[in-house]
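Engineer: here's a sequence, model it:
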Amino acid sequence: MKRVFKIGTGTVVAALDAGNGLGSGRTRRSVGNCSTTTFVELGRPRPVVRSSSSKSYPLPRTATWYRAGAAGSVKIAAVNSGTISVVTVNAAQGYIASVDSSYGSSVDVYFRHGTRTLKFEAEISDSGGLAVLVTTR
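Structural biologist: Numbers count the residues shown, from 1 in each chain. Predicted coordinates for the structure are as follows:
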């Protein structure tokens, strides 16, 4: 597959050897009248982020529930000023939850429903509070 993109006065030409179809081939790029060619190994395509939201909270004194969008909620407790832990996860109907990291300065919980994936991440911020990021893919 060859693609030609016009950028300003130069032209970028990229030829992709699809390999196994997962984007693991090599790409050759030529820019304008450059005589050098750069080969770049391509990895798996990254999922497209559909939406994300973040919110800051004070570090909880007791175990506290935080929303993970429509996918459910996660109960987080502060162990000390630098460590939090996942206490409980409540998945909404149709979602399957899996805890990726349950203890540390940052915790991750994934919620899956069909091809939709929602990532809930909570971490201790530099100011000592709790930053919660929810990303849908």
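
Engineer: my guess is Gly69 meets Val134, correct?
Structural biologist: Yes - between Gly69 and Val134 a contact is recorded at 5.2 Å, counting by Cβ atoms under 8 Å. No exception for glycine: its C-beta is placed from N, CA and C like everyone else's.

Engineer: so between these two, which is more surrounded?
Structural biologist: More crowded of Gly69 and Val134, by other Cβ atoms under 10 Å: Val134, with 23 against 17.

Engineer: give me the common contacts of Gly69 and Val134.
Structural biologist: Common neighbours of Gly69 and Val134, counting by Cβ atoms under 8 Å, 6 or more residues apart in numbering, are 53, 118.

Engineer: contacts only, for the nearest residue to Ser54 once chain neighbours are set aside.
Structural biologist: Excluding the flanking residues, the one nearest Ser54 by Cβ to Cβ, 6 or more residues apart in numbering is Leu133, at 4.5 Å. By Cβ under 8 Å, 6+ apart, Leu133 lies in contact with 52-54, 119-123.

Engineer: and the residues you listed, which are buried?
Structural biologist: Using 16 or more other Cβ atoms under 10 Å as the burial test, these include 119-123 as buried.

Engineer: in the sheet, who's paired with Asp108?
Structural biologist: Asp108 forms beta bridges with Ser101, Glu121, as assigned by DSSP bridges.

Engineer: quick one: it from Gln93, how far?
Structural biologist: Remark: distance between Asp108 and Gln93 (Cβ to Cβ, to the nearest Å) = 22 Å.

Engineer: next one: Val132
Structural biologist: Per Cβ to Cβ, Val132 is found 22 Å from Gln93.

Engineer: Ser73 now?
Structural biologist: 13 Å.

Engineer: one more: Leu130?
Structural biologist: Distance of Leu130 to Gln93, given as Cβ to Cβ: 27 Å.

Engineer: then Ala77?
Structural biologist: Relative to Gln93, and taking Cβ to Cβ, Ala77 is found at 25 Å.

Engineer: and these two? Which one has more around it.
Structural biologist: Using other Cβ under 10 Å as the criterion, Ala77 and Gln93 rank with Ala77 on top: 15 against 6.
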